[in-house]
Structure formats: C-alpha cells, structure tokens
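Undergrad: give me a model of this one.
(2 chains)
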Amino acid sequence: MSRPIVILNASLYGDTTASIVVEDGVITQVGETVDAPEGAWEIDASGLVALPGLVDLHTHLREPGREDAETIETGSRAAAVGGWTAVHAMANTNPVSDTAGVVEQVYSRGQEIGLVDVFPVGAVTVGLKGEHLSEMGAMANSRARVRLFSDDGVCVYDPVIMRRALEYVKTFDGAVVQHAQDLRLTEGSQMHEGEVSAELGLAGWPAVAEESIVARDALLAEHVGSRVHVQHLSTRGSVEIVRWAKDRGIAVTAEATPHHLLLTHESARTYDPLFKVNPPLRTEDDVEALRAAVADGTIDIIATDHAPHASEDKDCEWAAASFGMLGLETAVGVVQKVLVDSGLMTWRDVARVMSENPARIGKVDHLHGRPLAVGEPANITLVDPKAAWTVSADALSSRARNTPYGGIELPGRAVVTLLRGAPTHIDASLNPPTEGVPA
Amino acid sequence: MRHLLSTQDLSRDDAILILDTAGQMAATQEREVRKLPTLRGKTVVNLFFEDSTRTRISFEAAAKRLSADVINFSAKGSSVSKGESLKDTALTLQAMGADAVVVRHWASGAAYQLAHGGWLHGSVLNAGDGTHQHPTQALLDAFTMRRHLVGSPEGAGLDGLTVAIVGDVLHSRVARSNVQLLHTLGAKVVLVAPPTLVPVGIARWPCDVVHTLDEAIEGYDIDALMMLRVQRERMTGGGSAFFPSPEEYTRLFGLDGDRLGRLPEHAIVMHPGPMNRGLEISAEAADSPRSVIVEQVGNGVAVRMAALYLLLAGEEGAQ
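TA: Below is the predicted model:
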C-alpha cells in the first residue's frame, strides 16, 4: 500500500478548513486537528480546496485504434493531472466498444495503468451504425460492469432503436447517453449556423438539430420510463427543453462541456480547426444560458468531451479537419474561471457537478463522488485556486496537442490527485517526495 | 496591402485605389505592345485545388502581362482525399520562392489559412475559397459597374447605385464578396433569392432581401442586375433540394426578355460566368446590348493586374 498521507488545513469543498488523514486507501481522520501516522507524507494544503476526486462522464481515450492520438496510458495521465480519478471512455474506438471483449480490454488496461479508473461506455448499436442494438447485457455483466451506453460522435437517430435502447438498459439500471444531433439537418455541417457561418461560408449546424433530438428523447424516456443522459448541451433551447422535462418528472440528466461554457462561434473567424468541435461552439447567449443552467442544476454535470486528435487531423482546412478538442487538463481551470470566480457557483457546487453527480449518473457512486468523510475511499483532488497558469499545448500530458486554450491564462488547477490514497498527480510546486509518487 | 483575402478587409480608399489602378492597367491593354515590365523577376504561383479554367487563365494573363514568371500548380487532391495537405503544399511553394500565391480552393478559409498559417511568406491572393469569398470577382464587377454607371469613374465609388444580386446566395462566394464591397463603395444591395438559398444569420448584412425577381424589379430602381450561376443539382437533389424544379426557378428568378424590358433603360446585366442559358438567364437577356458579361471577363484581367501590381510592387516599395 502507499504511504499514509496527511493533508493539512485544506479547505474542504471550499468552505470549512480541516485536515485529512489517508491510510490504506481510505480516509481515516477528518478534523481541525489530526494525528499524523508514522512516516506520513504531509501536504501543506492551506489555501487549497479539497474536492472528492473528479469523475468525467465523457472522455475519448482513442485506444484501441488511434494510439497515435491518445492511449489509455497518456489519457490516464492527462486525467490525473487534471484532477480526475475516474473517466468514462467513449465507445468510438476501432474496434468499436460494442462487445464485452473490447470493454473488458479497455477496463483492464485502465486498472493496469492505475492512474485513474477507466469505465468504458458501451456502444448502443453495433459499430455505431445505428442499425442493430449491441449486446448491452453482455457488456453490463462483464468485468467492466458497463452502465452507460452511447454511440457518441453519432446520434442514435432512428427513434425506434432509441426507444428499444432506452427500454433495454432498464434491465441493469443503465442509461442511454445521447449525442443529440439530427443527422439530416447537419449533413456536411461545419459550425454553428448563424451570423458567423453566414459570413465565413461554412455550412451551418443549426441549434434546432440538437434541440429536436433532446425533446424527442426526453419524451421517449418518459414514455418508456427510462433514463436518458444528454451529452454536451450547447444551446439555450436545449437547456429550456431539459428544464421542462425535469419539471415534468422525466428522468433526464444533462451535461455541459467547459468549452461550451467559455468559447463562442466567433472563434471560427480564425479558420483554426482547433475550434472545430461537435456540437459546435455557439453564441454568447447560449454560453450564458449554459452557465446559468449549470448553476441552477438544470445541467447536472460538467464533462470534458476530451477528444484528442493527431496533428495532421487539425493542421488542415477547416472543412477537412476532425471535430473535437482536448479538455481533461484544462477543465478545472475553465470551470473556476467561468463558474466559480464569476460568483455563479461555489466549490461545493463544483464537487456536485464534477464528481458526485457524474458518479451517480454513471452508477459508480459506490466508488467515486463520495463524501470527504472518515471511512470513505480516498479519492481526493486538491485544487489550488490561486495557481494561475498559461496553457501551452506542448506542456500537456496528453499525446495530442489540440487544445483551444493555448496562450490563455486559467486561474487555477488541480495540484494533487489521490486515487484510493495513492498520489496519481502531484504538482511540482508542492516539492513532492520521491517515494510513492508516480514517475 | 500584403494579401487580398476578402473584400471585407478593404477600406473604401483601398478599393478605389485598386479600381483606379485597374483603369490604368486597362488603358495599357489598348496599346500595341501590352506587356509591362513591372513584375519582371517575380514569381506568381497559381495554386488551384479546384478546377476553374476561366479564373486561372485570367490570373495567368494578368501576371504575364506584368512580366511575372507564372507557375501553374494544380493540386486537385485534398487532405480529404489523402492528397498532399495544404500545409505541405504551402511549404513547397515557399521553398520554390513564390512571391505571390493565387489560390483557388474548395474549402472556405483556405486562403486565410495560407496567409496566416506561418507556412509561406509571399502574398496570398484569394481566387475563391469555398463558399466564402472571391474578392477579385467583386472588384471586377465594381470596376465594370463604375465604367458604365458612373460619370467620371476615376477616384469615384458607386454611391447611390442600386445593385440586385439574384440567385444562390447561400453557396455563393461571389455574392458574399459583392455585398461587402458594394456596401463599402456606397451602393445599395438587394439580394433576390428563394428563402432556401439565403443564409441564416444575415440580418445584419448591409442589404435588403426579396424573394422574387419581379418584386425586385417593381420595388427598386435597379442600376445593375447580377445573375448568379445556379447549380442544377442544388434544385434536383431529392430530399435535399433547395427548390422544386429548374422550371420553377426560371419562372420566379430567371432573367428573360420581358423582365429585361421592365428594368430602367440604363440598367446593365451581369453574370460571373459560366452561365446556364435558359436557367437563370435567357439567351435574349444574355446576348442583349445591356449585357456586359463579356466585358466583365476582359475587366477581370485588368483588375487582377492591379491587384498583383499593388501586392507585389508595394512590397518592393516597402523594402
């Protein structure tokens, strides 16, 4: 087991100051004063915010298939650096994660690396083709214990297939995780359809293409009494539909990404494909609606949609470039910038939307998103909200370089990440001891 | 001026300087020996990722009449079809020492990326990028209008003129370039198109929009009528069609003899070419004395000479 750790004078959830003792992977003491076990590594955490380890419900690790862009190992390291203790790996790998074999491989590789718990998300349909349901039961009952199913990158477009999937996952209390995009309305689309696309001559991705699917799926979930989770909400209209569905008692949950909370379609004026993402960056008004919805709970979680791409897939014409951007290492800083420092949310709220709620939706809340309390697994993230840093693509741990935040200053970052008591990331500023620290 | 990427980057003074310079260039083309020594020793690359013989030969003629060395580089492949990437092509041209790159590309923004990607140092002249911009087309259109519709063209804008642009605005780089430039030069612009071929998000464009050609002819005192090329497949693409049929398009938006007759006496008819006779324009209208379509082609060479001269000779002056 790893060495005991004493976290001295941290600000728990950003509101009460206390020290935490971690032994054998478990929190053994929490209080104003604690007894340091022999040989413990003491972290002076004054000024640091202690949160339950962060849980990302939307990560692309690219392995198997595109190890040139990211591997489970490099992605795990990026996650640990970003303060995450669990990530949900999307199914659009090659081969697609649509069988028990592939999801078990991904899960096991994550455990073997040990920097973060990798929970595979299974494909809803075979090969993400939207035609036949994949063997979701086999994935659910595998060692990977899959509970979330998504064809992410592609919408489960056929309403009958969507209905069946929603019904079927009830067997194992799963949820269908939908990439809401009307495929017909978005053929060839490149960016948000509006003022900027009109001027730039890039084919538009209209807000209604997302909103109509969100509405359809909420109604389907209601009809069959199942759970649907909507990925990366990007428009004010989607927010209003989710709010309406929740008021109606429909089991719908929703996520927003850091990039949709910070960036707008104006970025496309540079024609730099680093800003090309799906769903696309929208208007300032949409950004405001998303921020307010995260703050008022309409949007349940922040998820990164970390999407690594090889540089040749971004260093090209906008229309030829792949959709997606990195997010694991910058999420905490972006969230602090747009939600905490702006006064919309507290760090306790951040714990809710980046750890507790995602763990609950992913059905891993027996392991993650637990309270910072005695007897709980020691999955802990320490954030230094005063450690401002300037993002540099070359300094990231991810294998890919496609961050849209290069040169942007973020106000804070995760400085320590503990997974079951083992440090998976210690910021150099803390002068980490050599023993028990990952290389 | 280092690059010519979009008419939006042009101030009124910039635009008038190009038009005036084009006027001087056009005058030299009346002489017996049309070749000028101005760009001797300069290398101009015509980089075409999309076929367009008309535009390419226009630029080629312009560069050659200024005594530049011209290299035609047809790069029909794209990074989509796994040909050479834009970046590698740019690096190649840089290594060959291109002073100016005239680029035609199927992707909106490709000219901007070439100019700002840090891959090459020469001037970039956008000869049409996707559905974004085609600035020399708008400049030659403005040049043609100024010659016909403005009393003493030298130094003048297009103040007070009304220009109707008819057709597929959504997919048209010509329309986008013209709306901006005509506005900068003081003209009023009316877009005439079915709602399916008007981009969403143009509320703030400096122009009016109407939905039939008759409405435009009745409602405006049109000085110049610019017909855009309509791609037949856009109207017959099954469930994705923008319009029910070519016949219906012609009925509502085609320029025929009758509509031509209802335009003001002095109004001119323009088309960027190539025309679909019988679709957006009838033979009668295309071949009428009010049509300046062939003249547009000739003016294209003069305007492109002016653009190349201002980009390349200006560069020398700065050194």
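Undergrad: now for the residue of the stretch 201-319 of chain B found nearest chain A: which residues touch it?
TA: Among the residues of the stretch 201-319 of chain B, B:G201 lies closest to chain A, at 3.9 Å counting by CB to the nearest CB. Where you see a C-beta, it was placed from the backbone N, CA and C, and this is true even at glycine. With contact taken as CB atoms under 8 Å, 6 or more residues apart in numbering or on different chains, B:G201 is in contact with A:E193, A:G194, A:E195, A:V196, A:S197, A:A198, A:E199, A:G204.
Undergrad: next: B:R12.
TA: With CB under 8 Å, 6+ apart, B:R12 has these contacts: B:G157, B:T184, B:L185, B:G186.
Undergrad: picking that back up, out of the contacts of B:G201, who's near chain B?
TA: Residues of these in contact with chain B (CB under 8 Å from any CB of the partner chain): A:E193, A:G194, A:E195, A:V196, A:S197, A:A198, A:E199, A:G204.
Undergrad: my guess is the fifth one contacts A:P206. True?
TA: Just to be clear, that refers to A:S197. No: the pair A:S197 / A:P206 is not scored as a contact, 9.4 Å apart, by CB atoms under 8 Å.
Undergrad: between those two, who's got more neighbours?
TA: Using other CB atoms under 10 Å in any protein chain shown as the criterion, A:S197 and A:P206 rank with A:S197 on top: 25 against 20.
Undergrad: so which helix or strand takes in the more buried one?
TA: helix A:195-200 (DSSP states H and E).
Undergrad: run the chain-centre distance for the next helix-or-strand element following that helix.
TA: Later in the chain than helix A:195-200, the nearest helix or strand by DSSP H and E is strand A:204-205. Here strand A:204-205 shows a centroid-to-chain-centroid distance of 24 Å under the convention CA atoms, centre = their mean, to the nearest Å.
Undergrad: so what strands line up beside strand A:204-205?
TA: strand A:191-192 (parallel) (DSSP bridges).
Undergrad: and the strands in the stretch 51-200 of chain A?
TA: In the stretch 51-200 of chain A, the segments counted as strands under DSSP state E, counting those that start in this stretch are A:54-59, A:84-89, A:117-120, A:148-149, A:175-178, A:191-192.
Undergrad: other residues contacting the fifth one?
TA: With CB under 8 Å, 6+ apart as the contact definition, strand A:175-178 has outside contacts at A:57-58, A:121, A:124, A:147-150, A:152, A:155-156, A:162, A:165-166, A:169, A:213-214, A:217, A:226-231, A:253, A:361.
Undergrad: among these, which are in reach of chain B?
TA: The subset of the contacts of strand A:175-178 within reach of chain B, counting by CB under 8 Å from any CB, is empty.
Undergrad: domains of chain B?
TA: As assigned by automatic domain parsing, chain B contains the domains B:7-134+B:297-318, B:135-294.
Undergrad: those domains: lowest mean pLDDT?
TA: Lowest mean pLDDT within the domains of chain B: domain B:7-134+B:297-318, at a mean of 90.
Undergrad: would TSV of the contacts of B:R12 with neighbour count be doable?
TA: Formatted as TSV, the contacts of B:R12 follow (neighbours: other CB atoms under 10 Å in any protein chain shown):
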residue	neighbour count
B:G157	20
B:T184	22
B:L185	24
B:G186	13
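Undergrad: what about those residues, which are in helices?
TA: B:T184 (DSSP state H).
Undergrad: give the phi and psi angles for the residue of the stretch 101-250 of chain A at minimum distance from chain B, as a check.
TA: Residue nearest to chain B within the stretch 101-250 of chain A (CB to the nearest CB): A:G201, separated by 3.4 Å. Per-residue torsions, A:G201: phi 70, psi 30 (degrees, to the nearest 10).
Undergrad: for it, give me its contacts.
TA: A:G201 makes contact with B:S108, B:G109, B:D129, B:G130, B:T131, B:H132, B:Q133, B:R173, B:R176, according to CB under 8 Å, 6+ apart.
Undergrad: after the longest helix belonging to chain A, which helix or strand is next?
TA: In chain A, taking DSSP H as the definition, the longest helix is helix A:207-224. Using DSSP H and E, the helix or strand that directly follows helix A:207-224 along the chain is strand A:228-230.
Undergrad: any idea of the mean pLDDT in that following strand?
TA: On average, strand A:228-230 scores 98.
Undergrad: how close does the one residue sitting closest to the centre of chain B sit to A:T28?
TA: The centroid of chain B falls nearest to B:Q137 when counting by CA atoms, centre = their mean (1.7 Å). Using CB to CB, to the nearest Å, B:Q137 is found at 74 Å from A:T28.
Undergrad: same check, this time on A:G406
TA: Distance from A:G406 to A:T28, by CB to CB: 42 Å.
Undergrad: okay, these two: which has more neighbours?
TA: Between A:G406 and A:T28, counted using other CB under 10 Å, A:T28 has the larger neighbour count: 19 against 16.
Undergrad: what is the helix or strand containing the more buried one packed up against?
TA: Using DSSP H and E, A:T28 maps to strand A:26-31. Counting contacts by 3 or more CB pairs under 8 Å, 6 or more residues apart in numbering or on different chains; DSSP states H and E, strand A:26-31 packs against strand A:16-23.
Undergrad: list the neighbouring strands of the strand it packs on plus their orientation.
TA: In its sheet, and by DSSP bridges, strand A:16-23 pairs with strand A:5-12 (antiparallel), strand A:26-31 (antiparallel).
Undergrad: who's in contact with that strand?
TA: With CB under 8 Å, 6+ apart as the criterion, strand A:16-23 contacts A:4-12, A:27-37, A:40, A:45-46, A:50, A:372, A:378, A:380, A:418, A:421.
Undergrad: now stretch B:17-30
TA: B:10, B:34, B:36, B:65, B:139-140, B:142-143, B:146, B:153-155, B:299, B:301-303, B:305-307, B:309-310.
Undergrad: just to be sure, which of these are found in helices?
TA: B:65, B:139-140, B:142-143, B:146, B:299, B:301-303, B:305-307, B:309-310.
Undergrad: before we move on, back to that, could I get the strands of the stretch 51-200 of chain A as CSV with mean neighbour count?
TA: Putting the strands of the stretch 51-200 of chain A into CSV (neighbours: other CB under 10 Å) gives the following:
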stretch, mean neighbour count
strand A:54-59, 30
strand A:84-89, 30
strand A:117-120, 26
strand A:148-149, 29
strand A:175-178, 28
strand A:191-192, 26
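Undergrad: coming back round to it: quickly list what's touching both of A:S197 and A:P206.
TA: With CB under 8 Å, 6+ apart as the test, A:S197 and A:P206 both reach B:V200.
Undergrad: show me the contacts for A:D117.
TA: Counting by CB under 8 Å, 6+ apart, A:D117 touches A:T85, A:A86, A:V87, A:G110, A:Q111, A:V364, A:L367, A:H368, A:L419.
Undergrad: look up how far B:I16 lies from B:G186.
TA: 10 Å.
Undergrad: which regions of chain A lie under the pLDDT threshold?
TA: For chain A, applying pLDDT under 70 flags the ranges A:1, A:432-439.
Undergrad: sorry, back to before: output the longest helix of chain A in PDB with nothing but the alpha carbons.
TA: Provided in PDB are the C-alpha atoms of helix A:207-224 (Å, rounded to 0.1, in the frame of the first residue of the first chain):
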ATOM      1  CA  ALA A 207     -29.400  24.700 -32.900                       C
ATOM      2  CA  VAL A 208     -32.700  23.000 -33.800                       C
ATOM      3  CA  ALA A 209     -30.800  19.900 -34.900                       C
ATOM      4  CA  GLU A 210     -29.800  19.400 -31.300                       C
ATOM      5  CA  GLU A 211     -33.000  20.700 -29.600                       C
ATOM      6  CA  SER A 212     -35.300  18.500 -31.600                       C
ATOM      7  CA  ILE A 213     -33.500  15.300 -30.600                       C
ATOM      8  CA  VAL A 214     -33.300  16.400 -26.900                       C
ATOM      9  CA  ALA A 215     -37.000  16.900 -26.900                       C
ATOM     10  CA  ARG A 216     -37.700  13.700 -28.700                       C
ATOM     11  CA  ASP A 217     -35.500  11.700 -26.400                       C
ATOM     12  CA  ALA A 218     -37.000  13.300 -23.200                       C
ATOM     13  CA  LEU A 219     -40.500  12.300 -24.400                       C
ATOM     14  CA  LEU A 220     -39.300   8.800 -25.300                       C
ATOM     15  CA  ALA A 221     -37.700   8.400 -21.900                       C
ATOM     16  CA  GLU A 222     -40.900   9.500 -20.300                       C
ATOM     17  CA  HIS A 223     -43.000   7.100 -22.400                       C
ATOM     18  CA  VAL A 224     -40.900   4.100 -21.600                       C
END
